[in-house]
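*Asks:* using only what follows, build the 3D model:
(chains A and B)
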Amino acid sequence: MIRVRFAPSPTGYLHIGAARSALFNWLFARKVGGKFLLRIEDTDLRRSTDESTRSIIEGLEWLGLDYDEDLVFQSDNADKHRAAARKLVEEGKAYRDFTPREQREDKSVKQGIVDRARAHAAEGIDHRSNPFRDLSNEESERRAAAGEPFAIRLKVAPEGVSHFTDIVYGEQERAHSEIEDLVLLRSDGHPLYNLSVVLDDIEMGITDVIRGQDHLTNTHKQILLYQAFGAEIPRFAHLPLILAPNKGKLSKRKHGEVVSLTTYRDRGFVPAAFRNFLALLGWSPDTTQHAAEITVGDSEMQPNLEPGDEIFSQHRLIELFSLDRIHKSPAVFNFQENDPRHWTDDKALWMNAEYIRTMPLAELLPLVKAELRAEKLWREEYDDDESAWFEQAVNLVRQRFFTLKDFSSQGRAYFSEDFDFDEAAVRKNILKEPRLKELLPALADRMAATEAFSAATAEEALRAFSEEAEVKAGLLINGSRTMLTGQAVGPSMFEVFEILGRERSVMRLRSQRPWHEFGA
RNA sequence: GGCGCAUUGGUGUAGUUGGUUAACACGCUGCCCUCUCAAGGCAGAGAUCACGGGUUCGAGUCCCGUAUGCGCUACCA
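*Replies:* Reported below is the predicted structural model:
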């Protein structure tokens, strides 16, 4: 049984890179019929927050990544981690290091590392030079019993090579001489990352560790720990990082909300669309694969991929997913800061629009409902007497929307009388032609007088009126669009008449608001 | 400083065991459609496959080197 896990540390919002790791773990588990587990790595208590934990859980839920079994909090296992470290000391696989803890210096961590490495190289100090490494057992016990503080370090063999095969990056080798005697337990008794992950992964029975490439070199240390504990070593698959447009690290401090998963929820992304986009960042399906080779459980076989196919349903994504199609090179998340039109990756925006206009209406309606609710535009009738109308309206306007937010902003006039006029639209479609001040109310009279009221009769009435009044139909059409929707752009105008109905159409055509609000 | 990983148009990617004009998606430009804007259709610009050497009849594909970027090198995760 395959068991994988997503193990974020709750030190902020859910980063999209982390979300992608979760997605890949989840896709893999669902593909092979394994378990997908969630563990919160909250050992750094100073930085961990409940709020962050909540945002992680909410984020996964939003993306539709359901986890099996109970949520694990790493901090709950701290005692076990301490005991395991002590056991390694007893077995002679780790040792107590009585070196006083270094004080943090002013310079950056990175700089400190470099400086120390240089100094050590100059003085001929290597990773095995710790004076406490070979302290006698009695001496070590005695000093510990006397209350002298100590950290516990793994005793890494001086000779030898650590080796593993990464599913993504292939053969990995690292000489032991390159690996320091890593600290397992701080002198204050706090278990450190490498110890905790390994122990928790063993306890949770993780068979495949799928995580960010930043852990690729750490893996060697972790393998040493698996060996020290006599545990079976899982398979590893490291994921390429997601970079900022300048190919640097994608971070909150530098890039703000674009990197937070919740931003996409809050700005009107369809979960399936964002999931689809994320899946294609660092992975691509095998386009040469034959349908017969793609089977999941008893699901039906799907036809081969067409070139250009990039829109995949959840089911399809699971079908197509495989770890060996994950890329090695990092992907750039392409967005332009300070440009509202390109606030996030263009392709993500495109994909969201694609989903909004093509996804099954039944799946879109609840999302629109949630958006309208949040903006106080929802009416219970939409679920009831007016459900047919609501479906039609959504279906009409969704064709040119990019996010769910558009339903409550650009699309506001379809659901409420309380909508704003876009100033540019008013100037272009209404104020530019003074005669419209009389023409539009006159058109309203015509609309009020048709026998039935539909797109067809509205068109007939409008075109007849335009001939009589000797103005271009386009003038009336565009003017009507802005009168009825407040916008300069939108669906075919006659469809809009029909959707809004006679009463509202006539009323809005007679409105004097544009002249009052923007007239000279 | 050491070690590791990566490098195909602006971005995401395809490119079977090396073999004719490097493919697709997003974005961009133009045209068509048209009541606007999208969508859609058509056409197009944009890559000497990081660079330099090899191996070969032939290399994006194999080998070596260089550069650049990133990661790890913490009593961070």
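*Asks:* which element, helix or strand, includes the residue of chain A positioned farthest from its centre?
*Replies:* Using Cα atoms, centre = their mean, the residue of chain A lying farthest from its centre is residue A:468. It sits 56.4 Å away. Here residue A:468, judged by DSSP states H and E, is contained in helix A:455-469.
*Asks:* is the next helix or strand after that helix positioned near RNA strand B?
*Replies:* For helix A:455-469, the following helix or strand on the C-terminal side (DSSP H and E) is helix A:473-485. Yes - judged by Cβ under 7 Å from any atom of the strand, helix A:473-485 comes into contact with RNA strand B at A:473-474, A:477-478, A:481. C-beta: built from backbone N, CA, C; applies to glycine.
*Asks:* between helix A:455-469 and helix A:473-485, find me the angle.
*Replies:* Relative orientation of helix A:473-485 with respect to helix A:455-469: 130 degrees, computed using axes from the mean of the first three to the mean of the last three Cα atoms, to 10 degrees.
*Asks:* could you measure from the closest residue to residue A:441 other than its chain neighbours over to residue A:440?
*Replies:* Nearest non-adjacent residue to residue A:441, counting by Cβ to Cβ, 6 or more residues apart in numbering: residue A:510, 5.0 Å away. To residue A:440, residue A:510 is 8 Å away according to Cβ to Cβ, to the nearest Å.
*Asks:* quick revisit: the helix holding residue A:468: which residues count as buried?
*Replies:* The neighbour-count check on helix A:455-469 (16 or more other Cβ atoms under 10 Å) flags A:457-459, A:461-462, A:465-466 as buried.
*Asks:* would JSON lines of the residues you listed with distance to RNA strand B be doable?
*Replies:* As requested, these are arranged in JSON lines below (distance: Cβ to the nearest atom of the strand, whole Å):
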{"residue": "A:457", "distance to RNA strand B": "14"}
{"residue": "A:458", "distance to RNA strand B": "10"}
{"residue": "A:459", "distance to RNA strand B": "8"}
{"residue": "A:461", "distance to RNA strand B": "14"}
{"residue": "A:462", "distance to RNA strand B": "10"}
{"residue": "A:465", "distance to RNA strand B": "14"}
{"residue": "A:466", "distance to RNA strand B": "10"}
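*Asks:* now for the helix or strand of chain A with the lowest mean pLDDT, which elements pack on it?
*Replies:* Scoring the helices and strands of chain A by mean pLDDT, DSSP states H and E places helix A:252-255 at the bottom, with a mean of 84. Counting contacts by 3 or more Cβ pairs under 8 Å, 6 or more residues apart in numbering; DSSP states H and E, helix A:252-255 is packed against no other helix or strand.
*Asks:* give me the distance from the helix or strand following that helix to the chain's centre.
*Replies:* Once the chain leaves helix A:252-255, the next helix or strand it forms, by DSSP H and E, is helix A:261-266. With Cα atoms, centre = their mean, to the nearest Å as the basis, helix A:261-266 stands 8 Å off its chain's centre.
*Asks:* does anything pack onto helix A:261-266? Which helices or strands?
*Replies:* Using 3+ Cβ pairs under 8 Å, 6+ apart: helix A:261-266 touches helix A:16-32, helix A:50-63.
*Asks:* most tightly surrounded among these?
*Replies:* Neighbour counts (mean count of other Cβ atoms under 10 Å) averaged over each of the helices and strands packed on helix A:261-266 peak at helix A:16-32, with a mean of 24.
*Asks:* do it and RNA strand B meet at all?
*Replies:* No - Helix A:16-32 is not in contact with RNA strand B by Cβ under 7 Å from any atom of the strand; minimum separation 10.0 Å.
*Asks:* what's the answer for stretch A:151-166, then?
*Replies:* Yes - applying Cβ under 7 Å from any atom of the strand, one finds stretch A:151-166 touching RNA strand B at residue A:151.
*Asks:* quick one: terminal-to-terminal distance for that stretch?
*Replies:* 31 Å (Cα to Cα, to the nearest Å).
*Asks:* buried set for that stretch?
*Replies:* Buried residues in stretch A:151-166 (16+ other Cβ under 10 Å): A:151-156, A:162, A:164, A:166.
*Asks:* just give me the closest of those residues to residue A:247.
*Replies:* residue A:166 (22.5 Å; Cβ to Cβ).
*Asks:* dump the residue contacts of that closest one.
*Replies:* A:172, A:216, A:219, A:236-238 (Cβ atoms under 8 Å, 6 or more residues apart in numbering).
*Asks:* can you tell me the SS state at residue A:237?
*Replies:* Here residue A:237 is recorded as strand under DSSP: H, G, I helix; E, B strand; the rest coil.
*Asks:* list the contacts of it.
*Replies:* Here residue A:237 is in contact with A:166-168, A:208-210, A:323, A:326 (Cβ under 8 Å, 6+ apart).
*Asks:* residue A:89 too?
*Replies:* Residues in contact with residue A:89 (Cβ under 8 Å, 6+ apart) are A:95-96, A:140, A:152.
*Asks:* rerun that using 10 Å as the cut-off
*Replies:* A:95-96, A:137, A:140-141, A:144, A:150, A:152-153, A:155, A:184-185 (Cβ atoms under 10 Å, 6 or more residues apart in numbering).
*Asks:* which of the residues you listed lies closest to RNA strand B?
*Replies:* Nearest to RNA strand B among the contacts of residue A:89: residue A:150, at 6.7 Å, using Cβ to the nearest atom of the strand.
*Asks:* how close does the closest one get to residue A:140?
*Replies:* Taking Cβ to Cβ, one finds residue A:150 at 8 Å from residue A:140.
*Asks:* ok, now residue A:254?
*Replies:* 45 Å.
*Asks:* so which of these two has more stuff around it?
*Replies:* residue A:140 (19 against 12; other Cβ atoms under 10 Å).
*Asks:* mind listing what the more buried one touches?
*Replies:* So residue A:140 contacts A:89, A:95-98, A:132, A:134, A:148, A:150 (Cβ under 10 Å, 6+ apart).
*Asks:* which element is it on?
*Replies:* helix A:137-145.
*Asks:* what's the following helix or strand after that helix?
*Replies:* strand A:151-154.
*Asks:* so who does residue A:331 touch?
*Replies:* Neighbouring residues of residue A:331 by Cβ under 10 Å, 6+ apart: A:17, A:20, A:239-243, A:280-283, A:345.
*Asks:* again, only this time at 7 Å
*Replies:* Applying Cβ atoms under 7 Å, 6 or more residues apart in numbering to residue A:331 gives the contacts A:240, A:242-243, A:281-282.
*Asks:* identify the farthest-apart pair in the contacts of residue A:166.
*Replies:* Most distant of the contacts of residue A:166, by Cβ to Cβ, are A:172 and A:237, 11.8 Å apart.
*Asks:* that older thread, separation between the residue nearest to residue A:441 and residue A:448?
*Replies:* 9 Å.
*Asks:* residue A:120: what secondary structure?
*Replies:* Per three-state DSSP, residue A:120 ends up helix.
*Asks:* count of residues packed around the nearest residue to it once chain neighbours are set aside?
*Replies:* Leaving out its chain neighbours, the residue that sits closest to residue A:120 by Cβ to Cβ, 6+ apart is residue A:126, at 7.4 Å. Using other Cβ under 10 Å, residue A:126 has 12 neighbouring residues.
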